[in-house]
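Peer 1: Predicted structure and sequence below. I'll ask about it afterward.
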Amino acid sequence: MSTARRAEWVDCARALAMFFIVWLHANAAPGWVGKVVGGAIALFFLLAGYFLPSAAGRVVERTGRLAFAWGLWSLMSVLFLLVVKPYVDITWQRVVGWGVAAYNTPLWFLKTLVAYQLVVAGLMVLRLLPRYAWVAVVFLALCSYTTAPSQHLSVRFDYLWIFLLGFAAKQAPLELVREYMVRNKWILLLVIVGVFAQPECLEEYAEELDVSWRHCNLPLKSLAFMASFLLAGVLLDEYLPRVADLFARCGQWMLFIYAGHIYLLSPLYQHKGLSLCWNVWVPLVVLPVMVLLGWLLSRCFPRAMACLLAQRWK
């Protein structure tokens, strides 16, 4: 689904989600940030599915550009390691994000998104999408609820249901989604709080009934995190438009920030012990610096930046 004008509240939600990811990668965030980051990643997959084209040919074309961008970022990881850590044993699996721990951590997202888009293109060819999109969403969501996804898979498919959910929701225009969230913001807030309290409530009931309870990947919790970011973007755009505009400018460079912020954080790690309030100022500084760097590179090397952003050349 393409729009003539970018929806600022969506870019604002992206930037808010990216803030927590940078915070976590700075190795200084509180423990609860890790749970929020899971919702942030889910949001990126949801939006990627929503803005995916509706024709298999165009999906394959976009996937090709994304795979090329993945290759470029992997090459940059190799060059970065050769300069910064020449003593490190470089293996192609870890460089491209194929193993458990990639040198450039966000690369796992790019290769997983490539896999998801190829799956969707295949389902389109088989005429299973969009007709049976909701069936696939429900089935995969139930699988993610009842099973613990392996962290050691080359491609994580536990977010696939969220990606397909975004694709299935394409029929709802962004403006209608925004109006609905503004009109029902208090109801949504209550639902979000209730979902977040759900695991704790289940544990209390399990203790009273003497039934064992273990944590699992609750699909509703992922939805609540995604709704939180989107609702925050809507409310900022509605009541604090100037602040929302600043966040939206960050959101327009999201792929560049997501794949490139590690290069900015890595040299700072060694100074973490000497820096005042490292876990406070690092996320606040990295985002605007990456936005400025992306803008400068797009002005000086527009075609190179288009490739890194998986966009068509202008």
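Peer 2: Here it is on my side, so go on. None of these values were measured; they are calculated from a predicted model. Numbering: from 1, shown residues only.

Peer 1: which helices and strands sit right next to the host helix or strand of Ala17?
Peer 2: Assigned by DSSP states H and E, Ala17 belongs to helix 8-25. Helix 8-25 is packed against helix 33-50, helix 219-239, helix 241-251, helix 254-269, helix 278-300, with contacts defined by 3 or more Cβ pairs under 8 Å, 6 or more residues apart in numbering; DSSP states H and E. Glycine gets a C-beta too; all of them are placed from N, C-alpha and C.

Peer 1: With respect to Ala306, which of the ones you listed lies nearest?
Peer 2: Across those, Ala306 has its closest neighbour in helix 278-300 (8.1 Å, Cβ to Cβ).

Peer 1: ok so, going back, give me the mean pLDDT for the helix holding Ala17.
Peer 2: Taken as a whole, helix 8-25 has an average pLDDT of 91.

Peer 1: Now do that helix against helix 278-300, angle only.
Peer 2: 130 degrees (axes from the mean of the first three to the mean of the last three Cα atoms, to 10 degrees).

Peer 1: follow-up on the earlier one: among the helices and strands packed on helix 8-25, which is nearest Ala169?
Peer 2: helix 33-50 (5.9 Å).

Peer 1: tell me which residues in the closest one are buried?
Peer 2: 33, 36-50 (16 or more other Cβ atoms under 10 Å).

Peer 1: what comes up buried for the helix or strand following that helix?
Peer 2: Sequence-wise, the next helix or strand downstream of helix 33-50 (DSSP H and E) is helix 56-84. Residues of helix 56-84 classed as buried by neighbour count (16+ other Cβ under 10 Å): 56, 59-60, 62-63, 65-67, 69-70, 73-74, 76-77, 80-81.

Peer 1: Among those residues, list the two that are farthest apart in space.
Peer 2: It's Ala56 and Leu81 that sit farthest apart of the buried residues of helix 56-84, by Cβ to Cβ, at 37.0 Å.

Peer 1: now the residue nearest to Ala304 when sequence neighbours are not counted: how far from Met305?
Peer 2: With Cβ to Cβ, 6 or more residues apart in numbering as the criterion, Ala304 has its nearest non-adjacent residue at 7.1 Å, and that residue is Leu297. For Leu297, the distance to Met305 equals 5 Å [Cβ to Cβ, to the nearest Å].
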